[in-house]
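S.K.: Return a 3D structure for these sequence lines:
(2 chains)
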Protein chains: 2
Amino acid sequence: MKKVASDLESYFDVAFPAEWDMPPALLESMKYSLDAGGKRLRPLLVVAACESLGGNRAAAIRVAAAVEMVHTYSLVHDDLPAMDDDDLRRGKPTNHKVFGEAMAILAGDGLLTHAFYVVASLAKEGLLPPDAAIAIVSDLAEYAGPRGMVGGQVADMEGEQGTTDFERLEYIHLHKTSDLIMFSLIAGGRTAGASAKQLEALRTFGKGVGLAFQIQDDILDLVGDESKLGKKTQSDVKMEKVTYPYFLGIDKSREEVRRLSEEAKSAVSGAGLESAEMLLAIADYLVERDR
Amino acid sequence: MKKVASDLESYFDVAFPAEWDMPPALLESMKYSLDAGGKRLRPLLVVAACESLGGNRAAAIRVAAAVEMVHTYSLVHDDLPAMDDDDLRRGKPTNHKVFGEAMAILAGDGLLTHAFYVVASLAKEGLLPPDAAIAIVSDLAEYAGPRGMVGGQVADMEGEQGTTDFERLEYIHLHKTSDLIMFSLIAGGRTAGASAKQLEALRTFGKGVGLAFQIQDDILDLVGDESKLGKKTQSDVKMEKVTYPYFLGIDKSREEVRRLSEEAKSAVSGAGLESAEMLLAIADYLVERDR
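M.R.: Residues are numbered from 1 along each chain as shown, chains lettered A, B, ... in the order given. Next up, the predicted model:
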């Protein structure tokens, strides 16, 4: 994980061509949020998928940077006053708190747009054949766009207004979180020339792992609240946000995380990958993590 | 112009795959702004560049739709309260006035992302070779991104805070407006397999026409103000926004529009295009237009 994060952050330092004439404050605002850290889960998944097929790490790091730019833009926009109105993210002031709302909107727009430049650069610099690069562009636009992450954000925003049922919650989790995770695995596979069958296995793995990750987040939020409030059962906790534990209870939610993780692992175990080791380790880590 | 606008609007009706499961309000919000009309200048330029080389109109319409999605997202975000805070656009309530701020941010994000899906679809459906499609993706991300339109928006926003000099004004015009116009011409050329020399001629044409278009806009804004205020000279008009006429006066600005338009025309006249007729007519129209 540390090696991937460090390769990724080195790439961020050169991701914007030095000869480009950009307003310095824009670059600073984009870099502020890119460098804010986090688990770098999506980059790790891109690299793991690529290496499960013996692919080229340099191409994978570039796709990893693109997906992290998209993830970062989504957080910057999500934190805006008109959206979740958050002042802090990972213990640091959010982008609009430091640079103002207008700049945060534009920095998000810039990061999203530049992600596609980075993917296209793979073909332009000969790291990937053009048809593989265009497939990654198409997937990124689909999984991050109106059918994918943006659709999930809209459903989440509508859901917070009090109309959420379980089906809607699944839609939110699937699109707001899992879609970009699925993309990471498929795109990692594409950098290594995966077959259609291998891509399907990586996609199934991504869907399971993405949902497990989100449910575990719901559980950790709740457990965090419990210890903070000194209460033991979820029924005592006033929940403003609708979550998996809200519908299923905490024990059934934990069971669901384990089930999804096992399902994900078996999808890649039987897919004839060169080495599924890193993928399997990530699936275990996501279930066991406590933050 | 009418034929291009009508082909474009027909494509908008099928631009989002029917099987995609999206929140209906998101689709409605994106379509509201896409269907709001306007001059459709960028689509027209894509088609004109493509046809100057005898290219395929169906591919050009799709690139035209992508550039109009990017242009539309930039207007939706630009109108937001944190940016220009506009209530009306082309006589209709702005997106956030109808759908709320959060939805307007997400609809903009969705339109920007989907533009890349549309470009990628050209290669996936065999309308263009993958290397041409990836070049268009790269150009779109460059000209619309942090080095291009987004950078121009940032400079414009900073400029309104009172620090604009002539050099900064040129940066704003070049990037906020001309970049997407240059992209339209280059991308139209790419759909027709333009040579490097032809692409350079189209780029030069686009730069001249883009600047002329923006200066003419500045002039028309001012003339509008003058007739409204019943005043005759620009020095009498209190200008809150820094414009070309503010620095050069209205006569020199008019001269500059003509000079840029002629320069643009001569760039494509000598480039060995199959037919530059439509491009030349657009250059004339932009100088003569009165709205």
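S.K.: Any regions of the stretch 101-250 of chain A where pLDDT drops low?
M.R.: Judged against pLDDT under 70, the low-scoring parts of the stretch 101-250 of chain A cover residues A:160-163, A:224-241.
S.K.: could you show me where the helices are in it, in order?
M.R.: A:101-124, A:130-144, A:149-159, A:166-172, A:179-191, A:196-229, A:244-248, A:250-269 (DSSP state H, counting those that start in this stretch).
S.K.: any idea which of those is most buried?
M.R.: Each of the helices of the stretch 101-250 of chain A was scored by mean neighbour count; the highest is helix A:179-191, a mean of 28, by mean count of other C-beta atoms under 10 Å in any protein chain shown. Any C-beta I mention is one placed from the backbone N, CA and C, and that applies to glycine too.
S.K.: Not counting its neighbours along the chain, what's nearest A:L8?
M.R.: Nearest residue to A:L8, sequence neighbours excluded (C-beta to C-beta, 6 or more residues apart in numbering or on different chains): A:P43, at 5.0 Å.
S.K.: Who are the contact partners of that neighbour?
M.R.: By C-beta atoms under 8 Å, 6 or more residues apart in numbering or on different chains, the contact set of A:P43 is A:4-5, A:8, A:61, A:64-65, A:67-68, A:184.
S.K.: what does A:P17 give?
M.R.: Residues in contact with A:P17 (C-beta under 8 Å, 6+ apart) are B:R147.
S.K.: and if you look at the one 10 residues further on?
M.R.: Taking C-beta under 8 Å, 6+ apart as the criterion, A:L27 is in contact with A:16, B:146.
S.K.: what helix or strand does it sit in?
M.R.: Taking DSSP states H and E as the criterion, the element that holds A:L27 is helix A:24-34.
S.K.: Quick check: buried residues in that helix?
M.R.: Of the residues in helix A:24-34, A:25-27, A:29-34 count as buried by neighbour count, 16 or more other C-beta atoms under 10 Å in any protein chain shown.
S.K.: ok, so of the contacts of A:P43, who is nearest A:Q214?
M.R.: Using C-beta to C-beta, A:S184 comes nearest to A:Q214 of the contacts of A:P43, at 14.3 Å.
S.K.: What's the local residue count around the closest residue to the closest one other than its chain neighbours?
M.R.: Distance criterion C-beta to C-beta, 6+ apart; nearest residue to A:S184, sequence neighbours excluded, is A:L45 at 4.0 Å. As a burial measure, A:L45 scores 30 neighbours (other C-beta atoms under 10 Å in any protein chain shown).
S.K.: Could you do A:D85 as well?
M.R.: 11.
S.K.: Residue in the stretch 151-291 of chain A with the shortest distance to chain B?
M.R.: At 4.4 Å from chain B, A:V154 is the closest residue in the stretch 151-291 of chain A, using C-beta to the nearest C-beta.
S.K.: list the contacts for that residue?
M.R.: Counting by C-beta under 8 Å, 6+ apart, A:V154 touches B:23, B:25-26, B:103, B:106.
S.K.: filter these down to the ones close to chain A.
M.R.: B:23, B:25-26, B:103, B:106 (C-beta under 8 Å from any C-beta of the partner chain).
S.K.: In this structure A:T204 contacts A:A264, no?
M.R.: Yes - with contacts counted by C-beta atoms under 8 Å, A:T204 reaches A:A264, the gap being 7.1 Å.
S.K.: The residue of the stretch 151-291 of chain A closest to chain B and B:M83: what is the separation?
M.R.: 21 Å (C-beta to C-beta, to the nearest Å).
S.K.: And A:D284, by the same measure?
M.R.: 45 Å.
S.K.: Confirm that A:G54 sits in a helix.
M.R.: No - read with DSSP: H, G, I helix; E, B strand; the rest coil, A:G54 is coil and lies in no helix.
S.K.: Find the nearest non-adjacent residue to it, please.
M.R.: Spatial nearest neighbour of A:G54, excluding adjacent residues (C-beta to C-beta, 6+ apart): A:E274 at 4.8 Å.
S.K.: Surely that neighbour is within a strand?
M.R.: No - assigned with three-state DSSP, A:E274 falls outside any strand and is coil.
S.K.: Could you give the number of residues near it?
M.R.: Using other C-beta under 10 Å, A:E274 is surrounded by 12 other residues.
S.K.: Test my guess that it contacts A:S52.
M.R.: Yes - between A:E274 and A:S52 a contact is recorded at 6.3 Å, counting by C-beta under 8 Å.
S.K.: show me the contacts for the closest residue to A:Q216 other than its chain neighbours.
M.R.: Once flanking residues are discounted, A:Q216 sits nearest to A:V257: 5.2 Å by C-beta to C-beta, 6+ apart. By C-beta under 8 Å, 6+ apart, the contact list for A:V257 reads A:212, A:215-216, A:219, A:287.
S.K.: So which of the contacts of A:P43 are in helices?
M.R.: A:4-5, A:8, A:61, A:64-65, A:67-68, A:184 (DSSP state H).
S.K.: Let me see the contact set for the spatially closest residue to A:T204 that is not a sequence neighbour.
M.R.: Leaving aside its chain neighbours, A:T204 sits nearest to A:A267 (4.0 Å; criterion: C-beta to C-beta, 6+ apart). Taking C-beta under 8 Å, 6+ apart, we find A:A267 in contact with A:201, A:204-205, A:208.
S.K.: 6 Å - rerun?
M.R.: A:201, A:204-205 (C-beta atoms under 6 Å, 6 or more residues apart in numbering or on different chains).
S.K.: returning to what we had before: got the ones in helices among the contacts of A:P43 as JSON lines, with distance to B:V242 columns?
M.R.: Listed next are the ones in helices among the contacts of A:P43 as JSON lines, based on distance: C-beta to C-beta, whole Å:
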{"residue": "A:V4", "distance to B:V242": "46"}
{"residue": "A:A5", "distance to B:V242": "44"}
{"residue": "A:L8", "distance to B:V242": "40"}
{"residue": "A:I61", "distance to B:V242": "43"}
{"residue": "A:A64", "distance to B:V242": "42"}
{"residue": "A:A65", "distance to B:V242": "37"}
{"residue": "A:V67", "distance to B:V242": "39"}
{"residue": "A:E68", "distance to B:V242": "37"}
{"residue": "A:S184", "distance to B:V242": "44"}
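S.K.: which one of those sits closest to B:L280?
M.R.: Closest approach to B:L280 among those (C-beta to C-beta): A:A65, at 43.0 Å.
S.K.: Surely the closest one and A:E9 touch.
M.R.: No - the pair A:A65 / A:E9 is not scored as a contact, 9.4 Å apart, by C-beta atoms under 6 Å.
S.K.: Among these two, which residue is more densely surrounded?
M.R.: Taking neighbours as other C-beta under 10 Å, A:A65 and A:E9 compare with A:A65 leading, 25 against 16.
S.K.: who's in contact with the more buried one?
M.R.: A:11, A:15, A:118.
S.K.: so what's it closest to, chain neighbours aside?
M.R.: Leaving aside its sequence neighbours, A:A65 sits nearest to A:Y11 (C-beta to C-beta, 6+ apart; 4.9 Å).
S.K.: Tell me, how many residues neighbour the one you found?
M.R.: Counted with other C-beta under 10 Å, A:Y11 comes out at 17.
S.K.: and the helix or strand containing it, which residues are buried?
M.R.: In this structure, A:Y11 is located in helix A:2-14 according to DSSP H and E. Buried positions in helix A:2-14, judged by neighbour count with 16+ other C-beta under 10 Å: A:4-5, A:7-9, A:11-12.
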